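Peer 1: Okay, here's the prediction I keep looking at, along with the sequence it came from:
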Amino acid sequence: MAQDEIQLVVDRLEAIYNHSIVALHGVSLTVRRGEILALLGANGAGKSTTLKAISNLLQAERGQITGGSILFEGLDVSRTSPAELVRRGLVQVLEGRHCFRSLNVEENLVTGGIGRGSSRAEITSDLERVYALFPRLREKRKEISGLTSGGEQQMTAIGRALMSRPRLLVLDEPSMGLAPLIVRDIFRKLKSLNQSEGLSILVAEQNSTVALQYADRATVLENGVAVLEGPAATLRERDDVKAFYLGESRVSTDGAPTHPRAAEPMAPAA
Amino acid sequence: MFDFDYSFFLEVLVGGLLSGVMYSLVAIGFVLIYKTSGVLNFAQGAMLLFAALTFVSLVERGVPFPLAFIATFVVMAVLGMAIERVVLRPLVNKPPITLFMATLGLSYVIEGAAQLVWGTQVHGLDLGVDDTPFEVSGILISKFDLFAAAIAATMVAFLTAFFRYTRIGLAFRAVADDQFAAFAVGLRLPRIWAIVWTAAGAVALVAGLLWGARLGVQFSLSLVVLKALPVLVLGGFDSILGAIVGGLLIGASEKLAEVYIGPFFGGGIESWFAYVVALVFLLIRPAGLFGQKLVERA
């Protein structure tokens, strides 16, 4: 694979919170241009921390990177401000949506345009694009976003990120707290953006079933380390992966499962 | 009270409301900074003193009024941005008490610097508005107080329009709502903070001139922050509207209390009555009248 097809490289990333609590010790992953990479793992495996590090947002939560590196299109992320990263096309939808609650839906969307430094005309046309993707948001545009439903808030948060015209969209648990139908709808729309515009997507999910259904590849985290990576189709087949790493106790009937790495190693992450 | 004197009551009430506007002016400076960065800037009073002192010293050296005003504004903008850059930015994400202590220290540094630069004598400040009261249907109203109220109203209208209709205003409200999300969206927080500190400097300048004209420009001027605190408790620390309403309520209630309750205590309750109101308020409504309630779907 040509080097320039790789958009994001996270290499042996280590991170701590409050100078003491180790959150990551050795996370590696790559996102290729135009693909959807799912980042899977149980609660506390380090998915969110990894994503925050990728947008250089750890400092805002009293965390810091202590080792390894993150390169986005050749740019050293740890030396680039979050605002600059957004301008370069790396945009994140945070866990728990984080809409600006007292702003209305449209104002929320506009902040994404402001973050990118878009002109007024660009903001107007980008709004139309977002409304075309999420017609629901057009209906709700003048409503205070804190009073809209969870699904609408997730659409608002995604729409806000799209207003920044991302080249790599990072999403942290978009399915959290949403009804299955809405989750499916959101993933479908992400997939269509990915296919029609070649938008690269990195999505962290606890809901591995949905994520593996739409992703091209997946990386699995366990206790702050990347332990597995491979094509989504392959991971989908393996119940033992779910049982071990994803905290889903749907195990085969013949007693305790064997550790996947002990069984047949796929491509262990570097 | 068998023959209650309504016109006297009204006169006290109006006088109280108008003096409350003066408190609001100080409180607005606090609100601007608290809303966007969660810092209770105790140095607001020192900034107010510094502005008034700079202005009056320039005028005494023969600089014409408008020029002195612009020059002081520039000085306040530079001071505000310097404070944000040198003191607060390195302390981002530190606990609120650390930030509060930093601004408390800062307040003394600014006072000291003002003393160093402009000396310690008391200056009179004449804004060209005489303080003669005039009569409206039997009630005496201070012309200066009306002038101050008009200035405050203009400033609030300007700030409101700014926050509602401009991009930077939208960014400001976004930061006030959710700082972490604002970072993630790519809003340039340092720039927004610099603008906010400049705005707070401008508010300090206006409030400093009005208070300076009222009390004389002297070091006790920085103590007006102590008058703004009950206003903030009442109105909410993050609401400009709250600062206005809180100021009016505090102003009116302390004047009325002085006149009608004061005699039972032998007078002199005006100086601490505001705090009684604030304390009672803390018990019933800790977020203040207009403080940010969580906008959340039930």
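Peer 2: Done, it's in.
Peer 1: quick one: what helix or strand has residue 169 in it?
Peer 2: Defaulting to chain A. strand A:168-172 (DSSP states H and E).
Peer 1: if you could check chain B rather than the one you did, that'd help
Peer 2: helix B:167-177.
Peer 1: Same question for A:Gln153.
Peer 2: A:Gln153 belongs to helix A:150-162, assigned by DSSP H and E.
Peer 1: Show me what that helix is in contact with.
Peer 2: Here helix A:150-162 makes contact (Cβ atoms under 8 Å, 6 or more residues apart in numbering or on different chains) with A:91-94, A:97-99, A:105, A:108-109, A:111-112, A:126, A:129-130, A:133-134, A:136-137, A:140, A:145, A:148, A:169, A:171, A:174, A:177-179, A:182, A:186, A:190, A:193, B:185. All C-beta atoms are positioned from the backbone trio N, CA, C, and that covers glycine.
Peer 1: Mind pulling up the pLDDT for the closest residue to chain A within the stretch 1-150 of chain B?
Peer 2: Closest residue of the stretch 1-150 of chain B to chain A, Cβ to the nearest Cβ: B:Asn93 (5.8 Å). Here the pLDDT value assigned to B:Asn93 is 74.
Peer 1: Not counting sequence-adjacent ones, nearest residue to it?
Peer 2: A:Arg62 (5.8 Å; Cβ to Cβ, 6 or more residues apart in numbering or on different chains).
Peer 1: Also B:Thr120?
Peer 2: That would be B:Phe219: by Cβ to Cβ, 6+ apart, it lies 7.1 Å from B:Thr120.
Peer 1: wait, what's in contact with that neighbour?
Peer 2: So B:Phe219 contacts B:Leu49, B:Glu111, B:Gln115, B:Thr120 (Cβ under 8 Å, 6+ apart).
Peer 1: looking at those, which has the most residues close by?
Peer 2: B:Leu49 (30 neighbours; other Cβ atoms under 10 Å in any protein chain shown).
Peer 1: mind checking the SS state of it?
Peer 2: helix (DSSP: H, G, I helix; E, B strand; the rest coil).
Peer 1: The strand holding A:Leu169: which residues count as buried?
Peer 2: Within strand A:168-172, the residues that qualify as buried are A:Leu168, A:Leu169, A:Val170, A:Leu171, A:Asp172, counting by 16 or more other Cβ atoms under 10 Å in any protein chain shown.
Peer 1: what's the neighbour count on the residue nearest to the second one when sequence neighbours are not counted?
Peer 2: I take that to be A:Leu169. Leaving out its chain neighbours, the residue that sits closest to A:Leu169 by Cβ to Cβ, 6+ apart is A:Ile201, at 5.0 Å. Neighbours of A:Ile201 under the rule other Cβ under 10 Å: 23.
Peer 1: Please report the number of neighbouring residues for residue 232.
Peer 2: No chain in the question, so chain A it is. For A:Ala232, the tally of surrounding residues (other Cβ under 10 Å) stands at 20.
Peer 1: that's the wrong chain, I wanted chain B
Peer 2: With other Cβ under 10 Å as criterion, B:Leu232 counts 28.
Peer 1: which residues touch it?
Peer 2: For B:Leu232, the contact set (Cβ under 8 Å, 6+ apart) comprises B:Ala27, B:Phe30, B:Val31, B:Gly242, B:Ala243, B:Gly246, B:Gly288.
Peer 1: okay but the fifth one is in contact with B:Val231, surely?
Peer 2: Yes - the criterion here is Cβ atoms under 8 Å, and B:Ala243 meets it with B:Val231 at 6.3 Å.
Peer 1: For those two, list the residues in contact with both.
Peer 2: The contact lists of B:Ala243 and B:Val231 share B:Ser24, B:Ala27, where a contact means Cβ under 8 Å, 6+ apart.
Peer 1: Distance of the nearest residue to A:Asp126 once chain neighbours are set aside relative to A:Ile123?
Peer 2: What sits nearest to A:Asp126 in space, not counting adjacent residues and going by Cβ to Cβ, 6+ apart, is A:Met163, at 5.1 Å. Going from A:Met163 to A:Ile123 by Cβ to Cβ, to the nearest Å gives 7 Å.
Peer 1: Mutual contacts of the two, please.
Peer 2: A:Val110, A:Gly113.
Peer 1: Closest one of the buried residues of strand A:168-172 to B:Thr98?
Peer 2: A:Asp172 (29.1 Å; Cβ to Cβ).
Peer 1: residue contacts, that closest one?
Peer 2: Taking Cβ under 8 Å, 6+ apart, one finds A:Lys47, A:Ser48, A:Leu51, A:Gln92, A:Val93, A:Leu94, A:Glu95, A:Ala204 in contact with A:Asp172.
Peer 1: For it, report the pLDDT, please.
Peer 2: 97.
Peer 1: ok, what's across the strand from it?
Peer 2: A:Ala204 (DSSP bridges).
Peer 1: ok, which pair from the contacts of A:Asp172 is furthest apart?
Peer 2: A:Lys47 and A:Val93 (13.5 Å).
Peer 1: Quick one: the helices in the stretch 151-270 of chain A, in order.
Peer 2: A:180-197, A:208-214, A:232-237, A:239-245 (DSSP state H, counting those that start in this stretch).
Peer 1: Using CSV, please lay out these together with mean pLDDT.
Peer 2: Output for the helices of the stretch 151-270 of chain A, formatted as CSV (pLDDT from 0 to 100):
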stretch, mean pLDDT
helix A:180-197, 96
helix A:208-214, 93
helix A:232-237, 89
helix A:239-245, 70
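Peer 1: show me what contacts the residue of the stretch 101-250 of chain B found nearest chain A?
Peer 2: As assessed by Cβ to the nearest Cβ, chain A sits closest to B:Gly186 within the stretch 101-250 of chain B, at 2.8 Å. Each residue near B:Gly186 by Cβ under 8 Å, 6+ apart is listed here: A:Pro82, A:Ala83, A:Leu85, A:Val86, A:Arg87, A:Val91, A:Gly112, A:Gly115, A:Arg116, A:Ser164.
Peer 1: Keeping just the C-alphas, turn the helix or strand harbouring the third one into CSV.
Peer 2: Spelled out, that is A:Leu85. Here A:Leu85 sits within helix A:82-88, counting by DSSP H and E. Taking C-alpha atoms only, helix A:82-88 is exported to CSV below (Å, rounded to 0.1, in the frame of the first residue of the first chain):
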residue,chain,number,x,y,z
PRO,A,82,-7.1,21.5,18.5
ALA,A,83,-8.3,24.5,16.5
GLU,A,84,-5.6,24.0,13.9
LEU,A,85,-6.4,20.3,13.6
VAL,A,86,-10.0,21.2,12.8
ARG,A,87,-8.8,23.6,10.1
ARG,A,88,-6.7,20.8,8.7
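Peer 1: Could you give me the buried positions within it?
Peer 2: Buried, per 16+ other Cβ under 10 Å, within helix A:82-88: A:Pro82, A:Ala83, A:Leu85, A:Val86, A:Arg87, A:Arg88.
Peer 1: With stretch B:182-194 instead?
Peer 2: Residues of stretch B:182-194 classed as buried: B:Ala182, B:Phe183, B:Ala184, B:Val185, B:Gly186, B:Leu187, B:Arg188, B:Leu189, B:Ile192, B:Trp193, B:Ala194 (neighbour count, 16+ other Cβ under 10 Å).
Peer 1: now swap in stretch B:23-35 and tell me
Peer 2: Buried residues in stretch B:23-35 (16+ other Cβ under 10 Å): B:23-35.
Peer 1: and it, how far out from the chain's middle?
Peer 2: Put simply, stretch B:23-35 sits 5 Å off its chain's centre (Cα atoms, centre = their mean, to the nearest Å).
Peer 1: just stretch B:69-86 next, same as before
Peer 2: 17 Å.
Peer 1: And for stretch A:6-16?
Peer 2: 14 Å.
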